[in-house]
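Undergrad: sequence first, predicted coordinates after that:
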There are 2 protein chains.
Amino acid sequence: MTAPLAPGATIGILGGGQLGRMSALAAARLGYRCHVFAPEADSPGMQVAAAHTIAAYEDAAALARFAAAVDVVTFEFENVPAATLAALEPLAPCRPGVGVLQVCQDRLAEKAFLARAGVPVAPWRAVHDEAGLAAAVGEIGLPAVLKTTRMGYDGRGQAVLRTTADLAPAYARLSPRPLILEAFVPFVAEVSAIAARGADGSLAVYDTVENRHRDHILDLSFAPARVPAPTAALARRHAGEVAEALGLIGVLALELFVLADGTLLGNEIAPRPHNSGHWTMDACLASQFEQHVRAVAGLPLADPSRHHDAVMKNLVGPEGLALWPGLLATPGMAPHLYGKAAARPGRKLGHANRLLPLGSLAGMADAAALAGL
Amino acid sequence: MTAPLAPGATIGILGGGQLGRMSALAAARLGYRCHVFAPEADSPGMQVAAAHTIAAYEDAAALARFAAAVDVVTFEFENVPAATLAALEPLAPCRPGVGVLQVCQDRLAEKAFLARAGVPVAPWRAVHDEAGLAAAVGEIGLPAVLKTTRMGYDGRGQAVLRTTADLAPAYARLSPRPLILEAFVPFVAEVSAIAARGADGSLAVYDTVENRHRDHILDLSFAPARVPAPTAALARRHAGEVAEALGLIGVLALELFVLADGTLLGNEIAPRPHNSGHWTMDACLASQFEQHVRAVAGLPLADPSRHHDAVMKNLVGPEGLALWPGLLATPGMAPHLYGKAAARPGRKLGHANRLLPLGSLAGMADAAALAGL
């Protein structure tokens, strides 16, 4: 597939959550149909797609029918099994490809990749057994964070080790899955940058944003990040470099820690539209989802310029949903919901973007920046 | 229905064209499902809706099932039969209601209504037969425009009368349908204003825009209109007054002619999102489609402020589609396609919004305003 996807063509999306839903909405704006493949019936993405398949990611026959029904395949989430994408690659163009998925599904591969791509990372060690954990702690020191190498997100599958007494219970809880020990990073801020890379190798990188988490789940993003300009520029450069090194066709988020001296350490790559890029839906002419669709469809990328400062607030669980009526009534607020049926605690149900005039966020106290959120 | 529609509720949309599609996309952003009812299979709206019914507007059983499956009914186009909405009104809340539809489906009722709502209109007469046409021409003079009273849009169902020799052929072509003769208005500009009216009676009116037609089809909208400020303000006031007088819950466009002396004459009411409001999708925080969904769902209306100047270009037929690749590659351009299969001449396939800094359009020559379009 080298020619751009023609109007009316079908984009296949693996995964039916909010990222697939918002990608499908962006694809519709550009005249494409979407076909969502996911194991769950009535998923958010299926509610806005022209077609859907409800089947397990391991269902080879369903995957073959899906591949035959679409013009290109993408995924909304890097925890789709690599074997699924590997099964699809001979049948349909997959953007990004399985190689990208494999790097980003495994924290060991990801850390090694980041270092190769020139992004500094905190010290880390692979942990194969309990003795290996003790040895790794001896080398890296405490505090440190023990994580499963796979399927971790929103803080799941990890344990903070503060004293040697924490090692055994953490190992017992997380093993026998493959594990990684990472040095605890005394960061002063968490930032991320979203990079899109087109089929022609062109790059479009959004402004670096600052992220705040609550219970390990993203709570707020401030666009732009209130960090020194060289730090913000370096984060964007790193995101672009990672996209190039991956040979990505699509969108990725690079999450980084900012240390007190301004040093940036790479944390994670998410090779798809990312929660910390939701502000682009209202503060840019083209959102990260449109950018993703453009890349996957082989279209030219759009200008990623920001026309407003923005604060994005995640709506998580019943507590987040309780904010909805107030957000709808607040001028300057763009509220979004994902069509999920149950407001379970910890579930991301929507978000709201508060727009502010360009340049106003830098000098604004937190309380003012968050007014109405 | 007085309480706001809860997240996850279903909005029923009569009509499956681009206006229904863009309304469904806006509804999805707010967490609603849509159910599109239309006679045509695979219509643009159905491609992005959670459910659809393919049936004739006269199919009472299908309408009853539709009403039972949705929480509120709206329409995307005022040429949906009034009998359809009348059949639905006892079964589900209809916003707008059949009364609004009846006024706007009939040019005679519409002209009389506009005058009652305080909007000046050009002289007009009902035409019942050929002798009546001659009498009406005697009273109004020539040139004049003979139109069918119903089902006219994009210039269909009308004839310009310049000399008395034009009367007989025009009458022969347009009769036996009910007709109206309207004085030809020597306008210097055509403008429109989009007003939303909420279930609580609140109003949100977008900035007045200037419209240019080509072959009787909207070609360009300039936002804001380059007319004197009092003229633009009066057009907005009239749009709001018409929405109030109709008791509208939803969005309407009021089209007006501007005469050389600044006088405004009302032309048409479209009681739904309108082609001349597509610029709001990219130049405002909340589009006309979101505003329509908010009204229909009983939510508070959003701030209709404009954050950019904009020029909207319609993509009509094969000629419009040929512009698509260039528009995708133009910075500052937001391109939209509607998912229509065939690029027939005269068919609206999409549009593009060129954004410009606030205040720049007023002093800009046409060629510069249209650069890239």
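TA: Cool, got the structure. Residues are numbered from 1 along each chain as shown, chains lettered A, B, ... in the order given.
Undergrad: when you work out contacts or count neighbours from here on, use the C-alpha atoms and nothing else.
TA: Noted.
Undergrad: spell out which parts of the stretch 201-350 of chain A neighbour chain B.
TA: Residues of the stretch 201-350 of chain A lying close to chain B (C-alpha under 8 Å from any C-alpha of the partner chain) are A:282, A:285-286, A:299-303, A:328-329, A:331-341.
Undergrad: skipping adjacent residues, who's closest to the residue of the stretch 151-300 of chain A found nearest chain B in space?
TA: Of the stretch 151-300 of chain A, the residue with the smallest distance to chain B, taken as C-alpha to the nearest C-alpha, is A:Pro300 at 5.7 Å. Spatial nearest neighbour of A:Pro300, chain neighbours left out: B:Ala329 (5.7 Å); criterion: C-alpha to C-alpha, 6 or more residues apart in numbering or on different chains.
Undergrad: just to revisit the earlier point, correct me, but the residue of the stretch 151-300 of chain A closest to chain B touches A:Ala196?
TA: No: using C-alpha atoms under 8 Å as the test, A:Pro300 is too far from A:Ala196 to be in contact (10.7 Å).
Undergrad: and these two? Which one has more around it.
TA: For A:Pro300 versus A:Ala196, neighbours defined as other C-alpha atoms under 10 Å in any protein chain shown are more numerous around A:Ala196 (34 against 22).
Undergrad: does that one sit in a helix, a strand or a coil?
TA: What DSSP: H, G, I helix; E, B strand; the rest coil gives for A:Ala196 is strand.
Undergrad: one step back: what's the residue nearest to A:Pro300 sitting at in phi/psi?
TA: Backbone torsions of B:Ala329, given as degrees, to the nearest 10, read phi -100, psi 0.
Undergrad: returning to that earlier point: need the contact list for the residue of the stretch 151-300 of chain A closest to chain B.
TA: By C-alpha atoms under 8 Å, 6 or more residues apart in numbering or on different chains, the contact set of A:Pro300 is A:198, A:294, B:328-329.
Undergrad: confirm it sits in a strand?
TA: No: A:Pro300: not assigned to a strand; according to three-state DSSP it is coil.
Undergrad: residues touching the residue nearest to A:Pro300, list them.
TA: Listed by C-alpha under 8 Å, 6+ apart, the contact partners of B:Ala329 are A:300-302.
Undergrad: swap in 10 Å and give it another go.
TA: B:Ala329 makes contact with A:299-303, B:335, B:372, according to C-alpha atoms under 10 Å, 6 or more residues apart in numbering or on different chains.
Undergrad: what helices and strands are in contact with the helix or strand harbouring A:Val36?
TA: Using DSSP states H and E, A:Val36 falls within strand A:33-38. Here strand A:33-38 is seen to pack against strand A:10-14, helix A:18-29, strand A:51-54, helix A:60-69, strand A:72-75 when contacts are counted using 3 or more C-alpha pairs under 10 Å, 6 or more residues apart in numbering or on different chains; DSSP states H and E.
Undergrad: hmm, back to that, distance to B:Glu290 added to the contacts of A:Pro300, as JSON lines?
TA: As requested, the contacts of A:Pro300 are exported to JSON lines (distance: C-alpha to C-alpha, whole Å):
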{"residue": "A:Gly198", "distance to B:Glu290": "30"}
{"residue": "A:Arg294", "distance to B:Glu290": "24"}
{"residue": "B:Leu328", "distance to B:Glu290": "24"}
{"residue": "B:Ala329", "distance to B:Glu290": "27"}
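Undergrad: for those, which one is nearest A:Asp71?
TA: Distance to A:Asp71, by C-alpha to C-alpha, is smallest for A:Arg294 among the contacts of A:Pro300, at 13.8 Å.
Undergrad: quick one: buried residues of stretch A:59-69?
TA: Judged by neighbour count using 16 or more other C-alpha atoms under 10 Å in any protein chain shown, the buried positions of stretch A:59-69 are A:62-63, A:66-67.
Undergrad: do the same with stretch A:109-119
TA: For stretch A:109-119, burial by neighbour count (16+ other C-alpha under 10 Å) applies to A:110-111, A:113-114, A:117, A:119.
Undergrad: got a list of contacts for that stretch?
TA: With C-alpha under 10 Å, 6+ apart as the test, stretch A:109-119 has contacts from A:100, A:102-104, A:107, A:120-125, A:149, A:182, A:234-235, A:237-239, A:241-246, A:254, A:256, A:264-269.
Undergrad: which stretches of the stretch 101-250 of chain A form strands?
TA: Assigned strands in the stretch 101-250 of chain A, in chain order: A:124-127, A:144-148, A:158-161, A:179-183, A:189-197, A:203-205, A:209-214, A:217-223, A:250-258 (criterion: DSSP state E, counting those that start in this stretch).
Undergrad: repeat that for the stretch 251-373 of chain A.
TA: Applying DSSP E, counting those that start in this stretch to the stretch 251-373 of chain A gives strands spanning A:264-270, A:309-316, A:333-337, A:348-356.
Undergrad: beta partners for A:Ile13?
TA: Listed beta-bridge partners, A:Ile13: A:Val36, A:Thr74 (assigned using DSSP bridges).
Undergrad: any idea how many residues pack against it?
TA: Other residues near A:Ile13 number 29, with proximity taken as other C-alpha under 10 Å.
Undergrad: okay but it is in contact with A:Ala24, surely?
TA: Yes: A:Ile13 is within contact range of A:Ala24, at 8.2 Å (criterion: C-alpha atoms under 10 Å).
Undergrad: which residues are common contacts for these two?
TA: Contact criterion C-alpha under 10 Å, 6+ apart; residues bridging A:Ile13 and A:Ala24 by contacting each: A:34-36, A:45-46, A:49.
Undergrad: distance from the chain centre to the helix ranked longest in chain A, please.
TA: Within chain A, and with DSSP state H defining each element, the longest helix by residue count is helix A:229-246. Using C-alpha atoms, centre = their mean, to the nearest Å, the mean C-alpha position of helix A:229-246 is found 15 Å from that of the whole chain.
Undergrad: elements contacting that helix?
TA: Helices and strands touching helix A:229-246, as assessed by 3+ C-alpha pairs under 10 Å, 6+ apart, comprise helix A:98-105, helix A:107-116, strand A:189-197, strand A:203-205, strand A:209-214, strand A:250-258, strand A:264-270.
Undergrad: can I have the longest one written out in PDB, keeping just the CAs?
TA: It refers to helix A:107-116. Taking only C-alpha atoms (Å, rounded to 0.1, in the frame of the first residue of the first chain), the coordinates of helix A:107-116 have been written out as PDB:
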ATOM      1  CA  ARG A 107       9.300  -3.000  28.900                       C
ATOM      2  CA  LEU A 108      12.700  -4.700  28.500                       C
ATOM      3  CA  ALA A 109      12.600  -4.300  24.700                       C
ATOM      4  CA  GLU A 110      11.200  -0.800  25.100                       C
ATOM      5  CA  LYS A 111      14.000   0.400  27.500                       C
ATOM      6  CA  ALA A 112      16.700  -1.100  25.300                       C
ATOM      7  CA  PHE A 113      15.000   0.500  22.300                       C
ATOM      8  CA  LEU A 114      14.800   4.000  23.900                       C
ATOM      9  CA  ALA A 115      18.500   3.900  24.800                       C
ATOM     10  CA  ARG A 116      19.300   2.900  21.200                       C
END
